[in-house]
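**Q** With the sequence up front, the predicted model follows.
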Amino acid sequence: MITIKDLHKSYKTGNNSLHVLKGINFNVSEGELVSIMGSSGSGKSTLLNILGMLDEADTGSYTLDGVAIKNLNEKIAARYRNKFLGFIFQSFNLINYKSALDNVALPLYYQGMKRGERMDRAKAYLEKVGLAQWMDHLPNQLSGGQKQRVAIARALASDPKVLLADEPTGALDTKTSYEVMDLIQQINDEGRTILIVTHEPDIAQMTKRIVNLKDGLIIDDTKVNQVRALQNV
Amino acid sequence: MFDLERWQEVFETISKNKLRTFLTGLSVASGIFILVILLGIGEGMKNGIEREFQGDAANAIYVYPGVTTKEYKGLNPGRRIQLKNDDFEYTSAENKSALEFKSSVYRIYGGLLTYENESGSYSVEGVYPDYQFLENASMVTGRFLNYKDIEESTKIVVLGNRVKMDLFKDSKDVLGEYVEISGIKFQVVGVYTDPGGEREESRVFVPITTAQKVFSGGNNINSLSFTLEPKDTYEEALLASNNFTNKVETYLKGKHTIAPGDNSAVRVNSRLENTKRFYDLIGMIKMFFWGVGICTIIAGVVGVSNIMLIIVKERTREIGVRKALGAQPLSIIGMVLHESIFVTSFAGLTGLIMGLVLLDFVGPMIQTDFIYNPTVNFKVALSTVVILIVAGAIAGFFPSYRAARIKPIIALRDE
């Protein structure tokens, strides 16, 4: 699903050049649930940004579902993001003046889907995350866990190839975190490819594979025995 | 533009920021409001002055004698110039082909008119039949003077409507009655009305020959009035008018031994030139009003632009999210532009309508000679609407451009 070869990325700050990714080689096949770990400054967020086409690598190749991701301009990047990817953020990033339903329907709007169909689908995904009765609520009327569920529903709505989650439980307490992880696991069980950036070992243990980054290089890439989140709730 | 979703988005964001949108809109609305009012007043001034001028023929030329102010050929300044019949006759004959109407006037100020028990003091003017057209007078009843009256020096009089009201009250039988002017009986042959209003209707006209004989005027006259043959264009008319006034001025100055530069000894007054001056002035005032109005709108637009910039800044994260979800740059530009154009157009239209309503209701109540019936015509209203939409687009351009350039990666960075 994802193939990354010899990926380099450096940032210029003034006269200094900061080499963040120093040759990442990395494959993810369909249906995997991968966590990317590392201390801050290890380059894990940069890697996720490149995977999410929010940023571009200096050198190296990135292939997503057989499509080479390169020479992106804003328009193409926007289309690819919409088509291939679903984002889950630490701070949810819901649009706070739109109802839960409208938030979930937003990626479908940018796909150009008709309103009726869009709303039906958004409703179905909200049901899936167990928030059907909350669909008319604004984000600030929801709890953190509920917000993240809405965000997950939104990420799923466009039926993406890959879900990218950046510290999805970073803003949640342990219990809610596990509930969210349970949902993520369920989605993975249905065959969806999911990448999670996290620095919490217990969250990482709930994935199927842990990739460890340090100083811009993968130092460890091991499959783990998945801990089901539900057991810990 | 007709994208229903876009409209929903715009209304959603506006309804989240009612006060801010209202205040922004207010600056645009007041800008347009002021523009409309100013243009209305400009139009009103034009109408007012036009009405003032309706009293007399639009291209009339008047010649008044005065007092010399310059010593010339041994003659002292301070000499009063007296025009004579032959001045009129010569000027008329000399310019026969160019003139449409002509008349000299022998005037008695404060002539006493008496009819039965009523009497009053009015200006009595001895004139030629053409004077009716020079004064734009129209007959209410009876007739004006004719050339037979002039030749035979008949003692007849044409009353102004005001005079008729004063002396005869509501009586309908005016024609054929005799009024006394300074003790001499004149038969009433007509009553005229003048668009110049009461002041112009407080006069009576008698044949000039009669006036000169009866009031011992000899061959003295007080002023000359002319109109020139109409021309196709205003420029031609103005040129002909200027030629004629120069010619008359030169002739009269030569004949009465007046220094060529002495302008108060003979004054030649061309309505056409006066109106041109007024129209130029009104044109200037109108331009000024447009300028002021446009500047006010610019102030409003800058306000909208400013607010939109703040909105974009405030919504940076949201725009980042939208982009991460697959929003094209163009759709972001459209979103901001749409809101900006909508706010300016809506507010502006409100201002426009309020301005028009105010002009409509208050306009007729304005009681001054200088402003009459202030209105804004459809074309002007339409151009302000166009200005509004353009203004909205300009106001939204920079903010939307900035919004489109927001990078999702920066927008989404957790602070």
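**A** Perfect, I can see it now.
**Q** my guess is residue A:176 contacts residue A:144, does it?
**A** Yes - counting by C-beta atoms under 8 Å, residue A:176 touches residue A:144, with 6.1 Å between them. Yep, even glycine has a C-beta here, placed from its N, CA and C like the rest.
**Q** Need phi/psi at residue A:89.
**A** phi -110, psi 160 (degrees, to the nearest 10).
**Q** so it makes contact with residue B:413?
**A** No - assessed by C-beta under 8 Å, residue A:89 is found out of contact with residue B:413, at 10.4 Å.
**Q** of those two, who's got more company?
**A** residue A:89 (21 against 12; other C-beta atoms under 10 Å in any protein chain shown).
**Q** Please list all residues in contact with the more buried one.
**A** Counting by C-beta atoms under 8 Å, 6 or more residues apart in numbering or on different chains, residue A:89 touches A:151, A:165-168, B:412.
**Q** at 6 Å instead, please
**A** Shown in contact with residue A:89 (C-beta atoms under 6 Å, 6 or more residues apart in numbering or on different chains): residue A:166.
**Q** Just the pLDDT at it, thanks.
**A** If you check residue A:89, the pLDDT there is 90.
**Q** what about it, distance to residue B:185?
**A** 108 Å (C-beta to C-beta, to the nearest Å).
**Q** quick one: is stretch B:320-338 near chain A?
**A** Yes - with C-beta under 6 Å from any C-beta of the partner chain as the criterion, chain A is reached by stretch B:320-338 at B:321, B:324-329.
**Q** Buried residues in that stretch, which are they?
**A** Residues of stretch B:320-338 classed as buried: B:320-329, B:331-338 (neighbour count, 16 or more other C-beta atoms under 10 Å in any protein chain shown).
**Q** Let's see the distance spanning stretch A:169-180 from one end to the other.
**A** Terminal residues of stretch A:169-180 lie 7 Å apart, using C-alpha to C-alpha, to the nearest Å.
**Q** Centroid-nearest residue for the chain?
**A** All of this is about chain A. residue A:164 (1.6 Å; C-alpha atoms, centre = their mean).
**Q** ah, I was thinking of chain B
**A** Centre-most residue of chain B, counting by C-alpha atoms, centre = their mean: residue B:46, 2.1 Å.
**Q** Show residues contacting stretch B:18-37.
**A** B:14, B:293, B:296-297, B:300, B:303-304, B:307, B:343-344, B:347-348, B:350-352, B:354-355, B:376.
**Q** circling back to that earlier point, for the residue nearest to the centre of chain A, which residues are in contact?
**A** For residue A:164, the contact set (C-beta under 6 Å, 6+ apart) comprises A:48, A:52, A:85, A:87, A:195.
**Q** can you check residue A:106 too?
**A** Counting by C-beta under 6 Å, 6+ apart, the residues that residue A:106 touches are residue B:325.
**Q** about what we covered before: can you tell me how far the residue nearest to the centre of chain B sits from residue B:280?
**A** Residue B:46 is 12 Å from residue B:280, by C-beta to C-beta.
**Q** pLDDT of stretch B:174-190, averaged?
**A** 92.
**Q** Can you list the buried residues in that stretch?
**A** For stretch B:174-190, by 16+ other C-beta under 10 Å, it's B:174, B:177, B:179, B:181, B:186, B:188-190.
**Q** And for stretch B:379-390?
**A** In stretch B:379-390, counting by 16+ other C-beta under 10 Å, buried: B:380-381, B:384, B:387-388.
**Q** I'd like to know how many residues surround the residue in the stretch 1-150 of chain B that chain A sits nearest to.
**A** Going by C-beta to the nearest C-beta, chain A is nearest to residue B:16 of the stretch 1-150 of chain B, at 4.6 Å. Residue B:16: 12 surrounding residues under other C-beta under 10 Å.
**Q** Flag the shaky bits of chain B, pLDDT-wise.
**A** B:1-2, B:53-57, B:369, B:414-415 (pLDDT under 70).
**Q** Does chain A have contacts with the top helix by length along it?
**A** Looking across chain B with DSSP state H, the single longest helix is helix B:271-314. No - figure legend: helix B:271-314 not in contact with chain A (C-beta under 6 Å from any C-beta); closest approach 11.3 Å.
**Q** other SSEs contacting that helix?
**A** Judged by 3 or more C-beta pairs under 6 Å, 6 or more residues apart in numbering or on different chains; DSSP states H and E, the packing partners of helix B:271-314 are helix B:18-53, helix B:378-404.
**Q** Could you check the angle that helix makes with helix B:378-404?
**A** 20 degrees (axes from the mean of the first three to the mean of the last three C-alpha atoms, to 10 degrees).
**Q** one step back: tell me which of the helices and strands packed on helix B:271-314 is the most buried.
**A** helix B:18-53 (a mean of 20; mean count of other C-beta atoms under 10 Å in any protein chain shown).
**Q** In contact with the nearest residue to residue A:188 once chain neighbours are set aside, which residues?
**A** Once flanking residues are discounted, residue A:188 sits nearest to residue A:33: 4.3 Å by C-beta to C-beta, 6 or more residues apart in numbering or on different chains. Taking C-beta under 6 Å, 6+ apart, we find residue A:33 in contact with A:188, A:194, A:207-208.
**Q** from chain A, which residue is nearest to chain B?
**A** residue A:82 (2.4 Å).
**Q** So what's the gap between the host helix or strand of that residue and the chain middle?
**A** Following DSSP states H and E, one finds residue A:82 within helix A:74-84. On the basis of C-alpha atoms, centre = their mean, to the nearest Å, helix A:74-84 is displaced by 15 Å from the centre of the chain it belongs to.
**Q** Now the element after it, going C-ward?
**A** Trace forward from helix A:74-84 with DSSP H and E and the next one is strand A:85-88.
**Q** what about the residue nearest to residue B:363 when sequence neighbours are not counted, how many neighbours?
**A** What sits nearest to residue B:363 in space, not counting adjacent residues and going by C-beta to C-beta, 6+ apart, is residue B:374, at 4.6 Å. The number of residues packed near residue B:374 is 24, by other C-beta under 10 Å.
**Q** Helices of chain A, start to end?
**A** A:44-51, A:74-84, A:100-110, A:115-128, A:144-157, A:174-189, A:201-205, A:229-232.
**Q** could I get the ones you listed as TSV with mean pLDDT?
**A** Putting the helices of chain A into TSV (pLDDT from 0 to 100) gives the following:
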stretch	mean pLDDT
helix A:44-51	89
helix A:74-84	89
helix A:100-110	92
helix A:115-128	92
helix A:144-157	93
helix A:174-189	92
helix A:201-205	92
helix A:229-232	80
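**Q** I'd like to know which of those helices lies nearest to residue B:265.
**A** Among the helices of chain A, the nearest to residue B:265 by C-beta to C-beta is helix A:74-84 (81.9 Å).
**Q** list the helices and strands that closest one packs on?
**A** Against helix A:74-84 (3+ C-beta pairs under 6 Å, 6+ apart) you get no helix or strand.
**Q** Give me the contacts around that helix.
**A** A:53, A:64, A:110-111, A:158, A:160-161, B:326, B:328-329.
**Q** And for stretch A:50-58?
**A** A:7-9, A:49, A:77, A:80-81, A:85, A:164, B:408-409.
**Q** All the strands of the stretch 51-200 of chain B, in order from the start?
**A** For the stretch 51-200 of chain B, the strands defined by DSSP state E, counting those that start in this stretch cover B:60-65, B:83-84, B:99-115, B:118-127, B:138-142, B:156-160, B:178-181, B:184-193.
**Q** For those, give me CSV that also has distance to residue B:33.
**A** Formatted as CSV, the strands of the stretch 51-200 of chain B follow (distance: least, C-beta to C-beta, whole Å):
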stretch, distance to residue B:33
strand B:60-65, 40
strand B:83-84, 54
strand B:99-115, 46
strand B:118-127, 47
strand B:138-142, 41
strand B:156-160, 44
strand B:178-181, 56
strand B:184-193, 40
